[in-house]
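S.K.: Can you look at this prediction? I've put the sequence above it.
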Amino acid sequence: MNVKGSGGRASLGRIIQYALLAVVLFFITRTLARGFATVTWSDLHFAPLNTVGAVISMFLAMVMTAAAYRAQLSGFCAVPPWLEMMGVTWVSRAGKYIPGKFMSIVGAAYLLNKRGISSAIATSAILINTVLGVIIGLMFGVPMMLVEPTRSKIPMAWFWTAVLVASGAVAIHPAVVQRVINMLLRLAKRAPLAVAPRLRHYVMPVVYIVAQWILFGVSLWLLAANVVGVSFADLPLFISASALAVTLGFVALFAPGGVGVREGILLALLTPSMGAGPAAVLTVAWRLLQTGMELLLALVGLAILKHVTPRPGDSVVPV
């Protein structure tokens, strides 16, 4: 009976996930279609340098992701060489396009285990970096409260923005992160973190994660220059919008790769300042750029891991 009940709940959960995804995709597709219908294509101007810059920024953001994982692991054990770490990171990131997105975490832990790092340590480091990435992404996204039309609808927007950013700064403290992760693990009926790094081992991962969010925003800003006129003063808006869209798309577990959710948030945030048509074009272009980059780097990562011999054994050092 318990087995059947568990199977029934799992099936119901999948049905709900697919239903949510279908609803989101329906509304986003309709919104994008309406936006594209208003586009005056002759007004768009393709700037090769801006496009190349957007591609480079996106690539560097992916490098920062690998750097953050490697820095976090250094608080636990001897880490794989840079090339191997990029291969592990890029291949495992493709797992987020599988519903539930847990395959990105499971895949990274499996690949790191093949590189001589215990599953417990690999999983701990990946979970810590994932939570840090979400918290910092939300911190970058909070300033969207100061942009119209949101600002006029929130009393004391500056105050609440400062409060939320300060709360995020507290939330990235190791003691808070570890408690959050252990609470989530208990809810999932999993064992708590096997090991926990000290405060000094959080510094470089946070620096790399911050750089990752900035580079994501730069890539979106540079792509926007192909659609509408932008200035350097507009860069914070695109950094904030991209961080919020990617973060919320990631935590929406029913949406593989955040599809639909990310686009909806970007459209909501960018349409007031850009107009429906340009926002739709930019949203689709950025999705194509990021997904294309992730899939290409996953193939590169596979080639790297195929031609690099894993190190045997587990090289744990004191934390």
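M.R.: Good, I have the coordinates.

S.K.: Below-threshold pLDDT in the chain: ranges please.
M.R.: Scanning the chain for pLDDT under 70 picks out the ranges 1-10, 99-101, 188, 194-197, 310-319.

S.K.: would you list every one of the helices in it?
M.R.: Assigned by DSSP state H, the helices in the chain fall at 2-37, 48-73, 82-93, 102-114, 119-141, 150-153, 157-171, 174-187, 203-224, 235-251, 261-274, 276-307.

S.K.: Just put these in CSV and tack on distance to residue 193 and mean neighbour count.
M.R.: Quick note: C-beta positions are derived from backbone N, CA and C, even for glycine. Shown next, in CSV, are the helices of the chain (distance: least, Cβ to Cβ, whole Å; neighbours: other Cβ atoms under 10 Å):
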stretch, distance to residue 193, mean neighbour count
helix 2-37, 26, 12
helix 48-73, 12, 20
helix 82-93, 19, 22
helix 102-114, 13, 19
helix 119-141, 5, 22
helix 150-153, 36, 11
helix 157-171, 16, 14
helix 174-187, 6, 14
helix 203-224, 15, 22
helix 235-251, 20, 23
helix 261-274, 28, 21
helix 276-307, 26, 18
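
S.K.: The residue lying closest to residue 25 once chain neighbours are set aside - how many residues pack around it?
M.R.: Among residues not flanking residue 25 along the chain, residue 260 sits closest, at 4.8 Å (Cβ to Cβ, 6 or more residues apart in numbering). Residue 260: 23 surrounding residues under other Cβ atoms under 10 Å.

S.K.: is it true that residue 260 touches residue 22?
M.R.: No - contact criterion Cβ atoms under 8 Å: residue 260 and residue 22 do not qualify, at 9.3 Å.

S.K.: list residues touching both of the two?
M.R.: Contact criterion Cβ atoms under 8 Å, 6 or more residues apart in numbering; residues shared by residue 260 and residue 22: none found.

S.K.: Please report how far residue 258 lies from residue 230.
M.R.: Remark: distance between residue 258 and residue 230 (Cβ to Cβ, to the nearest Å) = 24 Å.

S.K.: Name the residue in those two with the higher neighbour count.
M.R.: Neighbour comparison, residue 258 and residue 230: the larger count goes to residue 258, with 24 against 19 (by other Cβ under 10 Å).

S.K.: and the closest residue to residue 63 other than its chain neighbours, how far is that from residue 64?
M.R.: Using Cβ to Cβ, 6+ apart and skipping residues adjacent in sequence, the residue nearest residue 63 is residue 86, 6.8 Å away. Using Cβ to Cβ, we find residue 86 at a distance of 11 Å from residue 64.

S.K.: again, but for residue 209
M.R.: From residue 209 to residue 64 the distance is 7 Å (Cβ to Cβ).

S.K.: try residue 152
M.R.: Separation of residue 152 from residue 64 (Cβ to Cβ): 35 Å.
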